[in-house]
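Student: Let's see this in three dimensions:
(chains A and B)
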Amino acid sequence: MATRKEIRVDIGKCTGCRHCETACSLKHSEEGMVNPKLSRIRVFTDFEREMAHPIISGPYTDAKCTSRYNIIMDGKEYESCLLCRASCPTRPFFTEPDTEIPLKCDLCGEPPDPNCVKVCVHGALQLVEVEEDDAESA
Amino acid sequence: MNGWMGKILRVDLEEKKHEIEDLDEDIARDYLGGRGLATKYLYDEIDPEIDAFDPDNKMIVATGCLTGTGAIAACRTVFAAKSPLGTVGCSNVGASFGSDLKYAGFDMIIFEGKAEEPIYIMIEDDKIQYLPAADLWGKDCYETDDILRERLGDPWKAKEYSIACIGPAGEKGSNIAAIIIDKHNAAARCGIGAVMGSKNIKALMVKGTKGIKLADPEGFVTAMTDVLEHVKQSHGSMESFPQYGSAGILHIYNEVGMLATNNYQTGVFEHAADIGGEAMASKHLRKIRACFSCPQSCGGIMKATDEKFMVTSERPEFETVWVFGADCGNNNTSAILKAHDLCNQYGMDIISVGNTIAMCMEMFEKGYLTEKEVGFPLKFGDPDAMVKLVELTCKREGFGDEVANGGFALSHKFNHPELFVGVKKLEAPAYDPRVCQGQGLNQATAARGACHNKGYTMGSEIFGLPSLGGKTDPYATEGKAQLTKSLQDATCVFDNTGTCLFLILGLWAPELHKQLVPATGIDYTFEEMMKCGERTWTIERMFNIKAGLTSKDDNLSPRMLNEPMPEGPSKGHVNRLQEMLPEYYTLRGWDEEGKPTDEKLSELGMEW
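Tutor: Residues are numbered from 1 along each chain as shown, chains lettered A, B, ... in the order given. Just a heads-up that it's a prediction; the model follows:
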């Protein structure tokens, strides 16, 4: 069975320090710039729900969702947007501030060696090996 | 410039105008940033004798040269001004305000003059707006933060801003008013919130989209990850602090008998185990939280359990747990959380509020304050009375109006200055200097007054950290002048680079140097970097001398010098400051009056 590497996010372990944002942006900057707004991972904190959650950039869309829903987990209610990876008009992240070019996570190249994982000392981000599912490999 | 943004935002509050000017590269190189940079600009630009609330006083917000770069725990911002206590006031805070200020393009903001009406200032890169805040005046820090974020009209957009604001305490000129960042962090000491209030600034909002350029990105990442590996070896940084917060070390101080209790009447608190970091975590901790780019994560969210003091608050740090715990003789942890939260909500310096209330408790018990004056009985160990007085202090109501002036003023007004424990009018922290002799010397000589965070000698005197040269005997005065000086200078480097001093258990000056060089591209030797620290200490001294302070102000409260510790492992000890002070002056290159000599200034490339 073929395998691939991916980042596993354990939001319970995220402290909201955003060190991953600095490490990601520096890795992807040709000019040696640290800029969280250019990071492919962003961390959002929501103290009322006692959570900090890293989001790794996903697909770009120029349209808002026509339907939204809320999710209840462990008795707490979350908007679907909170857990979504997309860059969209509702949540305009993961685009370059000047050019609006979408920013995509590339796992820092091949073989994957993501910088964000390297600085995440509390294990919220881990690089794991998973089995490639058939549909995806086909 | 690399590491630095190279720009200063200079704001004329009266005209609501600003100019963007270049950061002086020579000053940046000599002072690194943060505390040193802000103090140097203050020294050059204001008359140190000025009254803190004079519009000609300036308030400077400065970041460190590593703040926001991703260097380990480099998240700090300082707020500096001539302090209402008469010293050079410099207050240091974490969270992400400083990082966001740098991403907006600025190393520093200099606020000049005074706005005619209350305003708040929104900084979005180069776009600076001066917006009316009359409707926010009187609102607490939580309401202010919520309203400002709601005004952005989009909760996602609102997440992109850091907010620094004052509460009613700062508006009403309390000597112990703080500036609160994002509801959770405080630039608290020296009454800096009152200076902000005197300038009619209710809040600062900042969002930035620019990057910080590093000189040698690859070298920086290598250095930063090396330092991170180093920090990971530290049990204190990776286990104790995240799990138990900074209060996780509280029991250690009780065990050596230096946990100031009942207004420093003793160094032993019988209920220490009930209030320490472990107890707080097991009873109240809901979530661990970190400041920007910090692995140590000593913040968090806590929920009270006692219905009388029901609140969800930021995890209190060591000083908070101590001051509303041991120092007020209180073992109700929910009451600690409640008092803590009130101070954040109204924008107060927790150490100063708690220390002053503890002093009032002693005055009450000794009959120097009456129930008629206070309004209710005020005894040690009474959580209801403590929380009530905190609330009154926050609102400047009833007897709280007196407490809001700070411990020094109150002790004089009620004719018992001998009961005030502090230095240079600033209320003292938890560490009883009758035990750690070096700590006494540090608190006596620190420019802003009684502050443990200007030279954490306990790192050697109690913890014996190898990075600080190993263990020294806390009761010995020999060698403490040198220890204190080197720690103070190194601490300046922490504050100037924007690194959190709490990382002391996990990293020290060599680790800062490792990251500093590739970030800035300046080939500092380790000694040159440390000189930047010494220069900072010296400029603070020069400011204070011009402000009218003398060597007489390098002193401790009479209790620390004359009343032997009554019980516990440190029974019988006092602080022997005079055994250390002359040697300290000599090592600093100061004359007998505590003034830097011409030789020293010339060595540091400084002048009056």
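Student: Kindly state the beta-bridge partners for the most centrally placed residue in chain A.
Tutor: Centroid check for chain A by C-alpha atoms, centre = their mean gives residue A:56 as the closest residue, at 1.1 Å. Counting by DSSP bridges, residue A:56 is bridged to residue A:41.
Student: Contacts only, for residue B:426.
Tutor: B:85, B:87, B:189, B:190, B:352, B:408, B:448, B:449, B:450, B:451 (C-beta atoms under 8 Å, 6 or more residues apart in numbering or on different chains). For glycine as for every other residue, the C-beta is placed from the backbone atoms N, C-alpha and C.
Student: What about the residues you listed, which are in helices?
Tutor: B:352, B:408 (DSSP state H).
Student: can you put the contacts of residue B:426 in JSON lines and add pLDDT?
Tutor: Shown next, in JSON lines, are those (pLDDT from 0 to 100):
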{"residue": "B:85", "pLDDT": "97"}
{"residue": "B:87", "pLDDT": "98"}
{"residue": "B:189", "pLDDT": "97"}
{"residue": "B:190", "pLDDT": "95"}
{"residue": "B:352", "pLDDT": "98"}
{"residue": "B:408", "pLDDT": "98"}
{"residue": "B:448", "pLDDT": "96"}
{"residue": "B:449", "pLDDT": "96"}
{"residue": "B:450", "pLDDT": "97"}
{"residue": "B:451", "pLDDT": "96"}
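Student: Tabulate the contacts of residue B:426 (JSON lines), appending neighbour count and distance to residue B:474.
Tutor: Putting the contacts of residue B:426 into JSON lines (neighbours: other C-beta atoms under 10 Å in any protein chain shown; distance: C-beta to C-beta, whole Å) gives the following:
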{"residue": "B:85", "neighbour count": "24", "distance to residue B:474": "28"}
{"residue": "B:87", "neighbour count": "26", "distance to residue B:474": "27"}
{"residue": "B:189", "neighbour count": "29", "distance to residue B:474": "24"}
{"residue": "B:190", "neighbour count": "35", "distance to residue B:474": "27"}
{"residue": "B:352", "neighbour count": "31", "distance to residue B:474": "26"}
{"residue": "B:408", "neighbour count": "23", "distance to residue B:474": "27"}
{"residue": "B:448", "neighbour count": "25", "distance to residue B:474": "24"}
{"residue": "B:449", "neighbour count": "26", "distance to residue B:474": "22"}
{"residue": "B:450", "neighbour count": "27", "distance to residue B:474": "18"}
{"residue": "B:451", "neighbour count": "25", "distance to residue B:474": "18"}
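Student: which among the contacts of residue B:426 gets closest to chain A?
Tutor: Using C-beta to the nearest C-beta, residue B:189 is the member of these that lies nearest chain A, at 24.2 Å.
Student: secondary structure class for the closest residue to that closest one other than its chain neighbours?
Tutor: Nearest-residue entry for residue B:189: residue B:91, 4.9 Å, with adjacent residues in sequence omitted and distances by C-beta to C-beta, 6 or more residues apart in numbering or on different chains. On the three-state scheme (DSSP: H, G, I helix; E, B strand; the rest coil), residue B:91 is labelled strand.
Student: next one: residue B:18
Tutor: strand.
Student: Excluding covalently adjacent residues, which one is nearest to residue 83?
Tutor: As the question left the chain open, I've gone with chain A. Per C-beta to C-beta, 6+ apart, closest to residue A:83 is residue A:71, 6.9 Å.
Student: um, chain B though
Tutor: residue B:89 (2.7 Å).
Student: and that neighbour, how many neighbours does it have?
Tutor: 30 (other C-beta atoms under 10 Å in any protein chain shown).
Student: Local confidence estimate at it?
Tutor: Residue B:89 is assigned 96 on the pLDDT scale.
Student: For the closest residue to residue B:168 other than its chain neighbours, grab phi and psi.
Tutor: Excluding its sequence neighbours, the residue lying closest to residue B:168 (C-beta to C-beta, 6+ apart) is residue B:346, at 5.7 Å. With angles defined as degrees, to the nearest 10, residue B:346 sits at phi -100, psi -10.
Student: Report the contact partners of the nearest residue to residue B:352 once chain neighbours are set aside.
Tutor: Closest residue to residue B:352 apart from its sequence neighbours, by C-beta to C-beta, 6+ apart: residue B:176 at 3.7 Å. Shown in contact with residue B:176 (C-beta under 8 Å, 6+ apart): B:169, B:191, B:348, B:349, B:352, B:353, B:356, B:404, B:405, B:406, B:427.
Student: tally of neighbours for the closest residue to the second one other than its chain neighbours?
Tutor: Among residues not flanking residue B:191 along the chain, residue B:84 sits closest, at 4.0 Å (C-beta to C-beta, 6+ apart). Taking other C-beta under 10 Å as the neighbour definition, residue B:84 ends up with a count of 27.
Student: Could you do residue A:113 as well?
Tutor: Other residues within reach of residue A:113, judged by other C-beta under 10 Å, total 13.
Student: show me the contacts for residue 95.
Tutor: If you meant another chain, say so; for now it's chain A. A:60, A:87, A:101, A:102, A:103 are the contacts of residue A:95 under C-beta under 8 Å, 6+ apart.
Student: that's the other chain; I wanted chain B
Tutor: Residue B:95 makes contact with B:75, B:162, B:181, B:182, B:184, B:185, B:291, B:292 under the criterion C-beta under 8 Å, 6+ apart.
Student: For the residues you listed, give me TSV that also has distance to residue B:394.
Tutor: Formatted as TSV, the contacts of residue B:95 follow (distance: C-beta to C-beta, whole Å):
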residue	distance to residue B:394
B:75	27
B:162	23
B:181	18
B:182	19
B:184	17
B:185	17
B:291	24
B:292	28
